[in-house]
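In: structural data only, the sequence is not supplied:
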């Protein structure tokens, strides 16, 4: 017979909380601008094509005790529209099943739902989509304030569009070099298509 309730004294994920020091360290590691190497898929098709992905700019803002993430003008390859996106985030300890993937100390989970997506070229005015059904567009990520590393996955509530930034270092110098990185990505993408017999529109 399945045990339907937790035994007294047994901790669950809901019982775990971050200390204020852990939370603030994670916020400090995130807040501001950062550029990550990310892959974008539309209906499961990789639109970035390059193994290293494409540079993507994110901004994290601490406001009124909360944390908001913005993604601005992300468009790679032949994506049919630019992505502008905002979402309010919550920080929490790792869930039990995640601890095997992030065994080092210092990892903190951040997550958000009902994110606000715009594809008309303009940034959304709010980070919350009040019209979303269910969870809408969601974000799940992990940050380590000690090692300055991050993992990020965004699932947009549109055409199964996803952006994934696999585990990588947070490098502040990439913000300064963002435009140069974008230009280099375009050159590398053209070379990749030429070498793989792809048309410019692929």
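Out: Structure's in. What do you need? Owing to the predicted nature of the structure, the values given are computational and were not obtained by experimental measurement.

In: hey, let's count contacts and neighbours off CA atoms from now on
Out: Fine.

In: okay, buried residues for the longest helix seen in the chain please.
Out: Secondary structure of the chain per DSSP state H: the longest helix is helix 178-195. Neighbour-count burial for helix 178-195 flags 178, 181, 185, 189, 190, 193 (criterion: 16 or more other C-alpha atoms under 10 Å).

In: bridging residues for the residue nearest the centre of the chain?
Out: By C-alpha atoms, centre = their mean, the chain has its centre lying nearest to residue 152, at 3.4 Å. On the basis of DSSP bridges, residue 152 is bridged to residue 141, residue 165.

In: where does it land on pLDDT?
Out: On the pLDDT scale, residue 152 is placed at 98.

In: isn't it up against residue 141?
Out: Yes. Using C-alpha atoms under 8 Å, residue 152 is in contact with residue 141, at 4.2 Å.

In: now do the helices in the protein.
Out: Using DSSP H, helices in the chain cover 20-30, 173-176, 178-195.

In: ok, the lowest-mean-pLDDT helix or strand in the chain: who's next to it in the sheet?
Out: Each helix and strand of the chain was given a mean pLDDT (mean pLDDT, DSSP states H and E); the minimum falls on strand 45-46 at a mean of 89. Strand 45-46 pairs in its sheet with strand 32-42 (antiparallel), by DSSP bridges.

In: tell me which residues of the strand it pairs with come out buried.
Out: By 16+ other C-alpha under 10 Å, the buried positions in strand 32-42 come out as 33, 34, 35, 36, 37, 38, 39, 40, 41, 42.
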